[in-house]
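**Student:** here is a sequence together with a model predicted from it:
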Amino acid sequence: PNEFIPYKVVYNLSDNVELQKLDEIEKTVISNTSRIDMLECASERESFFDVVKRLPYSAKEYAKLHDGNERYSDNQYVSYGTIDGQNVATVTLPSDTSTTLIHNFAVKNCYKNFVYSIYVENVENVQEISVKVVTLGTGGGNYTISRNTNLLINGWNHINQTGFVVGTPNASNITRIEVKVISKNTGGIRISIGDICSYSRKAMCTIWFDDQHDTVYSKAFPLMKSRNIEGTMSVIAGSVNDVSGHFMTKAQLFELWSNGWDLCNHTWYTDSLTNYSTEQALYSIARGKEWLKNIGVGNPSNYLVLPQGDINAEIEKSAKEYCTMIRYAGAVKQSIKYCMMPHDDWYHVPCYSIKNTTSVEDVKSLIDEAVEVGSWITLLYHGFVDGTANVQTRWNIGDFETILDYLLTKDIDIVTASDAVMKQ
């Protein structure tokens, strides 16, 4: 399982060991593994657009800062109307032009999480779009909510995040909203801005384990079970039952699943998908998913966890046919510590990787930050030791127990990955 052998592969999906040529196995596994059924996706989660529409009911508290049809200050580039039943203010800009829409308040309250909708035309010509919530903090301050233009698409984009803080903003004392739109010199754009809202909601934490190391079963699982905490496990299907490599057995994984855990697809092999051709990578993804489907774990088999956190654009595009979520490794996305909910990009889910250099206080601080802003954090572990952890992917089990108890004292829901999807 630790090495990709081009022409001699152990094929063990039905407990019968056969040797076949790789291309034959690929064709069999990829063709027989079910791609994502849209009805299955719909039953698992709502679209982000639907969640935004019902946000007043899913958020703990909610404030609409600006209705899409509410007039901004006079601006020659703006008109008002509706798109798909949503009130919008449409900005039509020629190339290489900048404009800022302004809406003033006397005084208004907001929360630190923000969500707004924009409908984009000619996305290739968008230089910038950002929303600034200006407040009367000490010395003034604002929250700025934006998205990298490389992630925008033509059509609806739903943007949510904790506001990037400038100065010392006071969320209970908003004075105005500024919407800045800039076009490139390559051509004009039309951007329609819908509702701009702020909200608070209860934080969530997923305790996630990669690679089914046997110490998760022997050390972490009993501590979590005694506290009625369920976890999420990324399964390298080709390494199941490899006890000499300290991997868990199929019976142990089934016991986790029977106790409410999610079992997710960490593919068949352990090394990066980028080491393979697209067809080989899809084979590893499909074979890992098929193994999980065969033991009946349900929707979490559609959650793909990338080995080594790596993927390229071509493989990612094809992989989306086999999954409803892609989670990156902490080492790759460590700068993104958590997801704001509702989450709008399930194919780029970050996590926070706990290493042997990570302190208990580091983890507590992250939990506190999540509670404050109402985000979803994923704490990623690999394995445990009783004493000092000398391997990067190991952590002291006593420190892990401390974190479990700390979570139970906080206003945060401890959820599996599938719970997080359903609760968004």
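**Tutor:** Yep, it's here. Numbers count the residues shown, from 1 in each chain.
**Student:** give the buried residues for stretch 117-131.
**Tutor:** 117, 118, 119, 120, 122, 123, 125, 126, 127, 129, 130, 131 (16 or more other C-beta atoms under 10 Å). Placement of C-beta: from N, CA and C, glycine included.
**Student:** send me that stretch as CSV with only the CA atoms.
**Tutor:** What follows is stretch 117-131 as a C-alpha-only set of coordinates in CSV (Å, rounded to 0.1, in the frame of the first residue of the first chain):
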residue,chain,number,x,y,z
SER,A,117,-24.3,37.7,-2.6
ILE,A,118,-23.0,39.1,-5.9
TYR,A,119,-23.9,38.2,-9.4
VAL,A,120,-20.9,38.6,-11.7
GLU,A,121,-20.7,39.0,-15.5
ASN,A,122,-17.4,39.1,-17.4
VAL,A,123,-15.5,37.7,-14.4
GLU,A,124,-12.2,37.8,-16.3
ASN,A,125,-12.3,41.6,-16.2
VAL,A,126,-12.9,42.0,-12.4
GLN,A,127,-9.9,43.6,-10.6
GLU,A,128,-11.5,43.9,-7.2
ILE,A,129,-14.8,43.8,-5.3
SER,A,130,-14.9,44.3,-1.5
VAL,A,131,-17.4,45.4,1.1
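**Student:** for the residue positioned nearest the centre of the chain, which non-adjacent residue is closest in space?
**Tutor:** The chain has residue 349 as the residue nearest its centroid, 2.4 Å off, counting by C-alpha atoms, centre = their mean. Leaving out its chain neighbours, the residue that sits closest to residue 349 by C-beta to C-beta, 6 or more residues apart in numbering is residue 327, at 4.4 Å.
**Student:** so what touches stretch 79-91?
**Tutor:** Applying C-beta atoms under 8 Å, 6 or more residues apart in numbering, the set of residues contacting stretch 79-91 from outside is 67-72, 75, 77-78, 92, 99, 101, 117, 119, 156, 179, 181, 189-195.
**Student:** which among these count as buried?
**Tutor:** For these, buried by 16+ other C-beta under 10 Å: 67-68, 72, 77-78, 92, 99, 101, 117, 119, 156, 179, 181, 189-195.
**Student:** quick revisit: the residue nearest to the centre of the chain against residue 343, yeah?
**Tutor:** Yes - between residue 349 and residue 343 a contact is recorded at 7.4 Å, counting by C-beta atoms under 8 Å.
**Student:** do you know the pLDDT at residue 156?
**Tutor:** Note on residue 156: pLDDT of 89.
**Student:** same question, residue 174
**Tutor:** 88.
**Student:** got it, and residue 400?
**Tutor:** On the pLDDT scale, residue 400 gets 98.
**Student:** so it sits in a strand?
**Tutor:** No - under DSSP: H, G, I helix; E, B strand; the rest coil, residue 400 falls outside any strand and is assigned helix.
**Student:** list the contacts of it.
**Tutor:** With C-beta under 8 Å, 6+ apart, residue 400 has these contacts: 219, 220, 223, 381, 384.
**Student:** show me the helices in the stretch 301-424 of the chain, by range?
**Tutor:** 313-319, 330-333, 360-373, 397-408, 417-423 (DSSP state H, counting those that start in this stretch).
**Student:** nearest to residue 106, of these?
**Tutor:** helix 360-373 (26.5 Å; C-beta to C-beta).
**Student:** pull the residues that contact that closest one.
**Tutor:** So helix 360-373 is contacted by 112-113, 162, 203-205, 337-338, 340, 352, 354, 375-377, 379, 399, 402-403, 406-407, 410-412 (C-beta under 8 Å, 6+ apart).
**Student:** which of those fall in strands?
**Tutor:** 113, 162, 203, 204, 205, 338, 352, 376, 377, 379, 412 (DSSP state E).
**Student:** from the residues you listed, which is closest to residue 318?
**Tutor:** Among the ones in strands among the contacts of helix 360-373, and counting by C-beta to C-beta, the member closest to residue 318 is residue 376, at 27.0 Å.
**Student:** how close does the nearest residue to residue 397 once chain neighbours are set aside get to residue 221?
**Tutor:** The spatially closest residue to residue 397, leaving aside those adjacent along the chain, is residue 384, at 4.3 Å (C-beta to C-beta, 6+ apart). To residue 221, residue 384 is 10 Å away according to C-beta to C-beta, to the nearest Å.
**Student:** residue 180 versus the residue nearest to residue 349, what's the distance?
**Tutor:** Relative to residue 180, and taking C-beta to C-beta, residue 327 is found at 33 Å.
**Student:** what's the answer for residue 112, then?
**Tutor:** Taking C-beta to C-beta, one finds residue 112 at 20 Å from residue 180.
**Student:** next one: the strand or helix carrying residue 134 to chain centre, how far?
**Tutor:** Assigned by DSSP states H and E, residue 134 falls within strand 126-135. Relative to the centre of its chain, strand 126-135 is centred 23 Å away, using C-alpha atoms, centre = their mean, to the nearest Å.
**Student:** low-confidence regions, the stretch 1-150 of the chain specifically.
**Tutor:** 1-58, 137-139 (pLDDT under 70).
**Student:** which residues in it form helices?
**Tutor:** 22-32, 38-44, 48-53, 55-58.
**Student:** out of the ones in strands among the contacts of helix 360-373, which end up buried?
**Tutor:** For the ones in strands among the contacts of helix 360-373, buried by 16+ other C-beta under 10 Å: 113, 162, 203, 204, 205, 338, 352, 376, 377, 379, 412.
**Student:** give the contact list for the fifth one.
**Tutor:** So that's residue 205. Residue 205 touches 367, 370, 376, 377, 378, 379, 407, 412, 413, 414, 415, counting by C-beta under 8 Å, 6+ apart.
**Student:** having no further points to raise, I will conclude here.
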